[in-house]
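S.K.: Following is a predicted model, sequence given first.
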Amino acid sequence: MTQMNMVQAINDGLRHEMKRDDRVVILGEDVGKVGGVFRVTAGLFDEFGDDRVIDTPLSEGGIIGTAIGMALYGLVPVPEIQFADFIFPAYDQIVSELAKYRYRSGGEYPAKLVIRTPVGGGIRGGHYHSQSPESQFIHVAGLKVVCPSNPYDAKGLLLASIRDPDPVMFFEPKRIYRAAKGEVPEGEYTVPLGKASIIREGAHVTVIAWGAMLYEAIAAADEARTQGVECEILDLRTLWPLDIDTIIASVKKTGRVVVVHEAPKTCGFGGEIVALINEKAFLHLEAPPVRVTGFDTPFPYTLEMEYLPLAHRILPALLETARY
Amino acid sequence: MTQMNMVQAINDGLRHEMKRDDRVVILGEDVGKVGGVFRVTAGLFDEFGDDRVIDTPLSEGGIIGTAIGMALYGLVPVPEIQFADFIFPAYDQIVSELAKYRYRSGGEYPAKLVIRTPVGGGIRGGHYHSQSPESQFIHVAGLKVVCPSNPYDAKGLLLASIRDPDPVMFFEPKRIYRAAKGEVPEGEYTVPLGKASIIREGAHVTVIAWGAMLYEAIAAADEARTQGVECEILDLRTLWPLDIDTIIASVKKTGRVVVVHEAPKTCGFGGEIVALINEKAFLHLEAPPVRVTGFDTPFPYTLEMEYLPLAHRILPALLETARY
Amino acid sequence: MAVQTTPPAAPPASPSPLNTNDPDVIRVLREDGSLDPAFDPGLDPETVVAIYKHLVLVRTLDERLVTLQRQGRIGFHIGSLGEEAAIIGSAAACRPQDWLFPCYREFGAALYRGMTLQAYMNNMFGNSEDPAKGRQMPDHYTCRAAKFGSISSPIGTQITQAVGFAWAAKTRKEDLVALTYFGEGATSSSEFHNGMNFAGVFKAPTVFFCRNNGWAISVPAERQTASESFAVKGIAYGIPGVRCDGNDIFAVYKCTRDAVAHASSGKGPILIEAMTYRLSGHSTSDDPKAYRKEGEVEFWKKRDPIARLHKHVLLNKLWDDDKQRMLDAQIDSQIKDAVAAAEKIAPPSLESMFEDVFAEPPWHLQEQRTALLNGPRAKGH
Amino acid sequence: MAVQTTPPAAPPASPSPLNTNDPDVIRVLREDGSLDPAFDPGLDPETVVAIYKHLVLVRTLDERLVTLQRQGRIGFHIGSLGEEAAIIGSAAACRPQDWLFPCYREFGAALYRGMTLQAYMNNMFGNSEDPAKGRQMPDHYTCRAAKFGSISSPIGTQITQAVGFAWAAKTRKEDLVALTYFGEGATSSSEFHNGMNFAGVFKAPTVFFCRNNGWAISVPAERQTASESFAVKGIAYGIPGVRCDGNDIFAVYKCTRDAVAHASSGKGPILIEAMTYRLSGHSTSDDPKAYRKEGEVEFWKKRDPIARLHKHVLLNKLWDDDKQRMLDAQIDSQIKDAVAAAEKIAPPSLESMFEDVFAEPPWHLQEQRTALLNGPRAKGH
Ligand SMILES: Cc1ncc(C[n+]2csc(CCOP(=O)(O)OP(=O)(O)O)c2C)c(N)n1
Ligand SMILES: Cc1ncc(C[n+]2csc(CCOP(=O)(O)OP(=O)(O)O)c2C)c(N)n1
Ligand SMILES: [Mg+2]
Ligand SMILES: [Mg+2]
């Protein structure tokens, strides 16, 4: 066990997998010599060489398109998209090709990659260095979507993602890249995909969050507790496939739920979660499920702390839901 | 009034707007001489010339990117994307640029276009000529999304979309391009954006649909009526901004709701509608809102009629919801 | 006709068109059926005959499939009428270890590389033995056994993927070349740019095979670019480009073989522009009368790749009318059998709709599968 | 210093570098500060001095903004240190009716075209008078009055938009040219391909101005392409390309003015590659020490565009140390005033967050606005 932040844990996970399996390769913009603009791939270029840690030309379509070809060949590419906001030039390759490859080829050509990219706001990134596009990928059949909230999960989920047979979108909450620290085992361990973790048990309200907003949910729950409201906090960790059992079990217990995410509210993942809860626990609901999310605007610069669903906006939702 | 199908009505609407306003231009693949692969722009090339009806090189990014530039100049481009399945190479220009232009420029550079594209299955199109990507655009702040279900609305909504100050995604349900016929007034009229139409009033279940699936909902409702279940059928027409008032008024009356769409269920628009109903009519709900949708798989070829949420799949949902 | 999967042993070396600065189009097969020795690839007679037979098979298939579509027995066909030499000449010039990343018109290449006619026909009927399991449209099959990729509709996407595949092989020191097919319209796509650019920078052993058939549905080649040719686009990526007569099987074979040798020797990618013409409509959904230019079809019919090769095999006494009659009869029964068999094979199972989305169906797909199986069936399919 | 919005009257014609087949880089300003008559654009002294003053302003601004960022008073800056001649020379060569579609490094061009220093500074502070209303990062402003586009971060997107803008003007018979700025890294983006290709096909009056500053963050120019130059990429699109010394204000001016004339005369687009160097890090978030090559900075410091122009104005007695002292003092107070004022201006209102998403906020944005206004405030911003 050593104390690491998210960047170090992901870096450690990448190194571990590259040592274990020489088919694992990294490609992207600035991932090589400098080790990425957030230094997540630091040191890997020197350790594994430029055939396995590749600085590419400035084209996300080229990065993902060639990564798919590498995967068809039998490598396990782990491309980095410098910011999730810049993934859209590769959207066609991801949704039309990567997600459908195994299916459309009758299983002949599974195309397995792990696409790593930083998501989320709170770093003064404005429109284009802050977004959380998860629902634009969850909607696409054939993709798994992961978003860790701490160093232990980050490494464990990364190892599981690289070993999983399906393509994985690995979203890294950049706001807590360095702020989130914790004990991380050396070497081998995985955190299974598709399993949420129960951060805290509580009888009154289920709070569903992931990534950087988990800490806001916890802060709000702490405050709510002082007002007599006990929250059960779920960290989804894997967004899709969703850990529906853990969610439904909790909602059946509390009858009340608040979902938190940074992405704009409309057609965000929160709406899907609410709809699924309606389908599977309707008669247990004692209050309308509430979404505390980013607003339906582009991500603002100066006012980003008012845009984000931080603790001060989550708390009233918890109290109102509990007292509904 | 003349009898028209959807193709003729949209063609008539385009011609009308191009006559009225010489800033309106059309560009896309095969839209010129041949008038589009579905003939929606037939005759316009001969009538308005190659400066206003433009066959472009094979690049959706180029079509939308240049159309945005034309809009910034002051034209009103109405680009056609040959199939919605092929819109993704232009996704970056649409979500990163078009949708954010007015906002990010403090209102200095509104970029107004109407992007027309055929959507939906049932024409033996397989993976790539069948998809319904509406939720991937509704999630993006700054876009309006329209999907007509009949010739009258198609022309009226098209005129309204072209005159609306904001960018509009105009999704045309290709399965009913020719099957849906009706009376269409000559010349001037608009159908306002943001207003659903109540196709039929009913006391027991609210059915929400749009585009080609509306007819499946009606067929299922007809059958349900013979079993004593009266459905209130809403045709959304504009998907975003949603006509929330009409939906909530209906749900408050019926307490039961079924949403139908072709797109895959997960993170489809249905989930958003269910979540909004929870927020605004929770205490009126007498049964869990149900989604009858495409499955979470790529769009299949041979089995497409089993994939689509046709009347035979809607009917049981209506009956179960009514009897819940 | 026996499908040939291994190409002939390399014949005596001849000068490579890749080294010529001749801006003209490389042509080997002359009007009279003889070969220009300058770039004669020196194919042995057996191969020439095998290729000729394959061209006839592919041409006949195209005609039958159009008829089947008109009869409503298959949903769609996108053919290669007039482009057979470009497609099969290039496939024949690849080595067994090379891979093909197709567009949607190259079923002739797939069959030449060893895909069975039955497997292809099963895709045309979208039945349960379709390699794509009835999930995609006709002509969107897959054949890993023939080192032939999975076909998708979005234009250009396979180009970048071919580059990644070839690049990966290079980093693993495996000697293989990825040849990717695309039309001239696809050179306007973003993925052509991405694929060419990455291939140039990383010297990925890729052969970019552009079928310039004059049209992208109704859009003429000159509307795709203002460049002097499609081959010249290589300059933007540091990639040599060569133009050849795409209706000349020998020129196509020669240019492709040299390009493969060039790429496999570590010299980097090559762009080949094969000048040909789409004699049919874009697909069974298209009527070319609406946009074709006066006299265009007549011009190209005179340059029909199969007629030209036929002249050559006759001239060299490799072929005669009896052989032709036998071949036609054999192909006719081959196709009839494949169609009859394909029509008898059941459609894919309902369960199969939920397989291969992921390696294992998660809970939501299991639920959806159960709902479908326990629910009512759709009518009319 | 008075910002000049109208360029000088066209001086006597001189031969155009666009017509030279010289593969070399066009250069006018010699070592000794004199001008090579071959391509001397013949700028009048007032303009030369105005440009020189502007370069100094921009250089000084860059230095102050970095300091402000280090002090935590602004969040970010992305500068033009070393690229001032490429940016301002090209902007100066445009006519009043021409439009600029910027990347993110061209604030010098915006100011030269008439954007006020205060407006720019308001963007750096993201206050309520920021033309972008505090919605975007610093250096992501907009200035329609200066015919200067809206800056966004995604690389390359402005290129295609510039083409559409110019193309639209052409169809409306309006004489204007759209000049778009981008770095050499952006030539790898899909939108470079799309923009160049459409511009070539439709002869859109566009000037593609590529700042080849050697780096895309940490990725060197040679990793972007295997082509011989960036200018040569024009061949793939039927677009002439020219290379110039980007640190030579006269060469940049000359090439741009000729390109604008070429485009506006209906001859079609031009690609200009300005050879320059990014003397600073990519932005205040970047430390170039990690990747720069030995001696690179020293090499380019010797070719500093401002020092070179300074030599010229001294040589021609257009400038002296007194003038320099006065200018420095004037710029210093200008900047101080702008910063002081910008810091005093309030942040954007909460309401403003919901404006301009659409022309009118629909019900959902009205609801969200009400919720925010009636809810608790965030701490610490
Ligand atoms: C991204 C995308 N846009 C549009 C289409 C529709 N489409 C199918 S084929 C085609 C023309 C292709 O022309 P070309 O590349 O020359 O190939 P050819 O059909 O001539 O062999 C078009 C526009 C598509 N399949 N994918
Ligand atoms: C689509 C996209 N991908 C990645 C980035 C991150 N990024 C910002 S600037 C930059 C390098 C740009 O280099 P170049 O085009 O040469 O311009 P320069 O910064 O050198 O002026 C990168 C990779 C981005 N902004 N947009
Ligand atoms: Mg073609
Ligand atoms: Mg650069």
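M.R.: Looks like it arrived, so ask away. Ligands and ions are numbered 1, 2, ... in the order given.
S.K.: Would you pull up the residue in the stretch 51-200 of chain A closest to ligand 4?
M.R.: At 8.9 Å from ligand 4, residue A:58 is the closest residue in the stretch 51-200 of chain A, using CB to the ion. In short, each C-beta sits where N, CA and C put it, glycine included.
S.K.: now residue A:284, nearest residue through space, not along the chain?
M.R.: residue A:252 (4.7 Å; CB to CB, 6 or more residues apart in numbering or on different chains).
S.K.: List the buried residues of the helix or strand containing that neighbour.
M.R.: Using DSSP states H and E, residue A:252 falls within helix A:244-254. Residues A:244, A:246-248, A:250-251, A:253-254 are the ones in helix A:244-254 that count as buried (16 or more other CB atoms under 10 Å in any protein chain shown).
S.K.: how about the residues of chain A that lie near ligand 2?
M.R.: Proximity of chain A to ligand 2 (CB under 6 Å from any ligand atom) is limited to residues A:29, A:58, A:60, A:82, A:86, A:89.
S.K.: in the chain, which spans are helices?
M.R.: I'll assume chain A. For chain A, applying DSSP state H gives helices covering A:6-20, A:44-48, A:60-73, A:91-92, A:101-104, A:134-138, A:151-163, A:213-226, A:244-254, A:269-281, A:304-307, A:311-323.
S.K.: not quite, I wanted chain C
M.R.: Ranges of helices in chain C, per DSSP H, are C:45-70, C:84-93, C:107-112, C:117-125, C:157-171, C:190-202, C:249-262, C:296-301, C:305-315, C:321-344, C:363-374.
S.K.: hang on, the earlier thing: and the helix holding residue A:252, what does it pack against?
M.R.: Packed against helix A:244-254 by the contact rule (3 or more CB pairs under 8 Å, 6 or more residues apart in numbering or on different chains; DSSP states H and E) you find strand A:205-209, strand A:231-235, helix A:269-281, helix C:363-374.
S.K.: Please work out which residue of the stretch 251-381 of chain C is closest to chain B.
M.R.: residue C:378 (3.9 Å; CB to the nearest CB).
S.K.: Find the nearest non-adjacent residue to that residue, please.
M.R.: Nearest in space to residue C:378, with sequence neighbours left out and distances taken as CB to CB, 6+ apart, is residue B:305 at 3.9 Å.
S.K.: Residue 63: how many residues sit nearby?
M.R.: In the absence of a named chain, this looks at chain A. If you count neighbours by other CB atoms under 10 Å in any protein chain shown, residue A:63 ends up with 31.
S.K.: I was thinking of chain C, sorry if that wasn't clear
M.R.: Number of residues near residue C:63 (other CB under 10 Å) recorded here: 13.
S.K.: swap in residue C:298?
M.R.: 8.
S.K.: any idea how far it is from ligand 3?
M.R.: 19 Å (CB to the ion, to the nearest Å).
S.K.: Kindly report the same for residue A:158.
M.R.: Taking CB to the ion, one finds residue A:158 at 43 Å from ligand 3.
S.K.: Hmm, residue A:17 and that residue touching each other?
M.R.: Yes - judged on CB atoms under 8 Å, residue A:158 makes contact with residue A:17 at a distance of 7.4 Å.
S.K.: is it true that residue A:97 touches residue C:152?
M.R.: Yes - counting by CB under 8 Å, residue C:152 is a contact partner of residue A:97 at 6.4 Å.
S.K.: ok so, going back, the residue of the stretch 251-381 of chain C closest to chain B touches residue B:310, doesn't it?
M.R.: Yes - when contacts are counted by CB under 8 Å, residue C:378 is listed as touching residue B:310 (5.8 Å).
S.K.: More neighbours: those two, which one.
M.R.: residue B:310 (26 against 17).
S.K.: Which pLDDT value goes with that one?
M.R.: Per-residue confidence at residue B:310 stands at 98 (pLDDT).
S.K.: can you count the residues close to residue A:207?
M.R.: Neighbours around residue A:207, by other CB under 10 Å: 33.
S.K.: quick one, what contacts the residue of the stretch 201-324 of chain A found nearest chain C?
M.R.: Minimum separation of the stretch 201-324 of chain A from chain C (CB to the nearest CB) falls at residue A:241, amounting to 3.7 Å. Listed by CB atoms under 8 Å, 6 or more residues apart in numbering or on different chains, the contact partners of residue A:241 are A:144, A:193-194, C:362-364.
S.K.: contacting residues for residue 139?
M.R.: Went with chain A since none was named. Residue A:139 is in contact with B:135-136, B:263-264, B:266-268, counting by CB under 8 Å, 6+ apart.
S.K.: that's the wrong chain, I wanted chain C
M.R.: Contacts of residue C:139 (CB under 8 Å, 6+ apart): C:76-78, C:104-105, C:107, C:123-124, C:151.
S.K.: among those residues, who's most crowded?
M.R.: Ranking the contacts of residue C:139 using other CB under 10 Å puts residue C:123 first, with 31 neighbours.
S.K.: per-residue confidence for the nearest residue to that one once chain neighbours are set aside?
M.R.: Spatial nearest neighbour of residue C:123, excluding adjacent residues (CB to CB, 6+ apart): residue C:141 at 3.9 Å. pLDDT recorded at residue C:141 is 98.
S.K.: circling back: next, the angle helix C:363-374 makes with the helix holding residue A:252.
M.R.: Counting by axes from the mean of the first three to the mean of the last three CA atoms, to 10 degrees, helix A:244-254 lies at 90 degrees to helix C:363-374.
S.K.: Would you mind listing the outside residues contacting helix A:244-254?
M.R.: A:195-196, A:198, A:202-206, A:208, A:232, A:234, A:257, A:273, A:276-277, A:280-281, A:284-285, C:363-364.
S.K.: Do I have it right that residue C:309 meets residue C:249?
M.R.: Yes - Residue C:309 is in contact with residue C:249 according to CB under 8 Å; the separation is 5.4 Å.
S.K.: and residue 122, how many neighbours does it have?
M.R.: Just so you know, I chose chain A. By other CB under 10 Å, the residues close to residue A:122 number 20.
S.K.: please go with chain C instead
M.R.: 23.
S.K.: ok, now how distant is it from chain D?
M.R.: The gap separating residue C:122 from chain D is 36 Å, by CB to the nearest CB, to the nearest Å.
S.K.: and the gap between that residue and residue C:347?
M.R.: Distance of residue C:122 to residue C:347, given as CB to CB, to the nearest Å: 11 Å.
S.K.: Equivalent analysis for residue A:176, please.
M.R.: Counting by CB to CB, the gap from residue A:176 to residue C:347 is 50 Å.
S.K.: In terms of neighbours, single out the busier of those two.
M.R.: Neighbour count, other CB under 10 Å: between residue A:176 and residue C:347, residue A:176 has more, with 24 against 16.
S.K.: follow-up on the earlier one: just so I know, which of the helices of chain A lies nearest residue B:165?
M.R.: For the helices of chain A, proximity to residue B:165 was assessed by CB to CB; helix A:304-307 is nearest, at 24.0 Å.
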